[in-house]
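Visitor: My questions concern the predicted model and sequence given below.
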Amino acid sequence: MTEWLIQHFVRDAQNTDNPTVRTRYGQFAGVVCIICNLVLCLSKGAIGLLSGSVSIVADAVNNLSDASSNIISLLGFKLASKPADPGHPYGHGRYEYLAGLIVAALVLAIGIELVKSSVEKILVPTPVEFSAALVVVLLLSICVKLWMAVFNRTVGRRIGSETLEATAVDSRNDVISTAAVLISAIVAQLTGLNLDGWVGAAVGLFILWSGFGLVREAVSPLLGEAPSSELVEHIRSKIMSYPGVLGTHDLMVHDYGPGRQFASAHVEMAAEADPMQSHDLIDNIEQDFKTEDHLIVTLHYDPIVTDDPEVADMRNWINQAVKIIDPRISIHDLRTVPGPTHTNVIFDCVRPTDLELDEAALARRVGQIVRDHYPNTRCVITVDESYVSSEQ
């Protein structure tokens, strides 16, 4: 059914790399979820009010909050699709993250209210009327939410949307909470044990827990989280796949919303090669990223002396030796300046952000390692911070 809906309601559905098509997917998913959640809210709300079940009403309100969340997500996709303007040259993609943060705040507010009403029901319990209609509407809710979980996961993975994948997880969690409500109603009918208020409180706490998770997920990209290891590896592998590229370092990725990422890196190439040819290759790599990956990449040319075997051996030895401190540490841009009494060894050292040694301590430690192996040297070390979590 998901594929049928996509083929009939999402124009040019196969071209998922196109930002316009991605927006169509997001808006379509939002409309489908709004309709489903409103139907569930109305049906559960009617049964809950007629039966006097606060847990069923709580579950209905949860569906209403889901519909509100879907509306905000829908607006987020719409606003995020706005083109760049002079005031926002990187586009408006972070609207999608802001929408997620608003959704999280709504979920938290509703969770607090549900816990409050459920505690009141625990303190002053009232009987719950059991009926076939109640069982039917809850079973229907479980089936619909299961389908919504699969639907959102399918669409979310197709367009790479964390927002829709989070919606899929939320739908799966709703299946769990609705099943708990159904079980409490059956237990009350069979044993007379009224667990309605307790189950309502559990649902409310579950919503609060989900809300805190949503807050963390929404805030992280706004604060500038590290790029995924898959993206980092893809960028590095692609750069290294071009003939003439000897190495790459200082990779930085800036996220301005889904599908709006910009990257920069240094590319090491032989200093003895024709600089015009090296520059042309770098231009081609940048253009290939833009065409094939829809990623704007800016590359800096670093000339590396390759016709001096002693310098090459020193570079390779130091690069391996510093990994004794931490396997993620690396060096680059090494050059030497020989003198009558000593040789200056000048290079950059990449420091992982969570390394216990600060910049000065790391420079001293690395310098000592080099001097122990090359006694007649003095190190001039510039410590760079690693801006990707999987720096190797």
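Guide: That came in fine, so what should we check first? It should be emphasised that the depicted structure is a prediction, and the values quoted were computed from it without experimental measurement.
Visitor: Now do the same contact list for the residue nearest the centre of the chain.
Guide: Centroid-nearest residue in the chain: E162, 6.0 Å away (criterion: CA atoms, centre = their mean). Residues near E162 by CB atoms under 8 Å, 6 or more residues apart in numbering: 156, 217, 258. The C-beta positions use only the backbone N, C-alpha and C, and glycine is treated the same way.
Visitor: so how far is I329 from it?
Guide: 31 Å (CB to CB, to the nearest Å).
Visitor: Equivalent analysis for V297, please.
Guide: For V297, the distance to I329 equals 24 Å [CB to CB].
Visitor: do E225 as well
Guide: 22 Å.
Visitor: of those two, who's got more company?
Guide: More crowded of E225 and I329, by other CB atoms under 10 Å: I329, with 24 against 12.
Visitor: Can you give me the pLDDT of that one?
Guide: Listed pLDDT for I329 reads 93.
Visitor: Check the one 3 residues further on too.
Guide: Model confidence at H332, expressed as pLDDT, equals 90.
Visitor: so what's it closest to, chain neighbours aside?
Guide: H249 (4.4 Å; CB to CB, 6 or more residues apart in numbering).
Visitor: In a markdown table: the contacts of E162, plus distance to V199.
Guide: Below are the contacts of E162 laid out as a markdown table (distance: CB to CB, whole Å):
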| residue | distance to V199 |
| --- | --- |
| G156 | 30 |
| E217 | 27 |
| P258 | 37 |
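Visitor: Output the contacting helices and strands for the top helix by length along the chain.
Guide: As assigned by DSSP state H, the longest helix anywhere in the chain is helix 19-51. In terms of contacts (3 or more CB pairs under 8 Å, 6 or more residues apart in numbering; DSSP states H and E), helix 19-51 is packed against helix 2-9, helix 54-80, helix 132-159, helix 162-191.
Visitor: looking at those helices, which is buried most?
Guide: Highest mean neighbour count of these: helix 54-80, a mean of 23 (counted as mean count of other CB atoms under 10 Å).
Visitor: tell me the mean pLDDT for it?
Guide: 78.
Visitor: could you give the angle of the following helix or strand past that helix to helix 54-80?
Guide: Once the chain leaves helix 54-80, the next helix or strand it forms, by DSSP states H and E, is helix 95-123. Using axes from the mean of the first three to the mean of the last three CA atoms, to 10 degrees, the inter-axis angle of helix 95-123 relative to helix 54-80 is 170 degrees.
Visitor: Buried residues of helix 95-123, list them for me.
Guide: Within helix 95-123, the residues that count as buried by 16 or more other CB atoms under 10 Å are 95-104, 106-108, 110-111, 114-115, 117-118, 121-122.
Visitor: so what does it touch, helix or strand wise?
Guide: Using 3+ CB pairs under 8 Å, 6+ apart, helix 95-123 sits against helix 54-80, helix 162-191, helix 196-223.
Visitor: Could you list the domains of this structure?
Guide: 2-223, 226-304, 308-392 (automatic domain parsing).
Visitor: Of these, which shows the lowest average pLDDT?
Guide: The bottom spot among the domains of the chain, by mean pLDDT, belongs to domain 2-223, with a mean of 81.
Visitor: which one is E225 nearest to, not counting chain neighbours?
Guide: E225's closest residue in space is D255 (CB to CB, 6+ apart), at 7.5 Å.
Visitor: Could you report the distance from the one you found to A133?
Guide: From D255 across to A133, the span is 48 Å (CB to CB).
Visitor: picking up where we left off before, phi, psi for the residue nearest to E225 please.
Guide: Phi and psi for D255, reported as degrees, to the nearest 10, are phi -110, psi 120.
Visitor: how deep is it tucked in, by neighbour count?
Guide: 21.
Visitor: re earlier: and the residue nearest to H332, what is it in contact with?
Guide: Residues in contact with H249, defined by CB under 8 Å, 6+ apart, are 265-266, 268, 330, 332, 348, 350.
Visitor: likewise T353?
Guide: 385-387.
Visitor: my guess is L251 contacts V232, does it?
Guide: Yes - between L251 and V232 there is a contact under CB atoms under 8 Å: 6.6 Å.
Visitor: Next, give phi and psi for the closest residue to R24 other than its chain neighbours.
Guide: Distances taken as CB to CB, 6+ apart place V10 nearest to R24, at 5.1 Å, with adjacent residues excluded. Main-chain torsions, V10, degrees, to the nearest 10: phi -120, psi 110.
Visitor: V10 against G26, yeah?
Guide: No - using CB under 8 Å, V10 makes no contact with G26, being 10.0 Å away.
Visitor: Give me the more crowded residue out of those two.
Guide: The neighbour comparison of V10 against G26 (other CB under 10 Å) goes to G26, with 26 against 20.
Visitor: Let me know the outermost residue of this structure.
Guide: The chain, farthest from centre, CA atoms, centre = their mean: P340 at 54.2 Å.
Visitor: Distance of that residue relative to V305?
Guide: Remark: distance between P340 and V305 (CB to CB) = 21 Å.
Visitor: residues making contact with stretch 280-292?
Guide: Counting by CB under 8 Å, 6+ apart, 235, 238-239, 242, 244-245, 263, 267, 269, 295-299, 301 sit against stretch 280-292.
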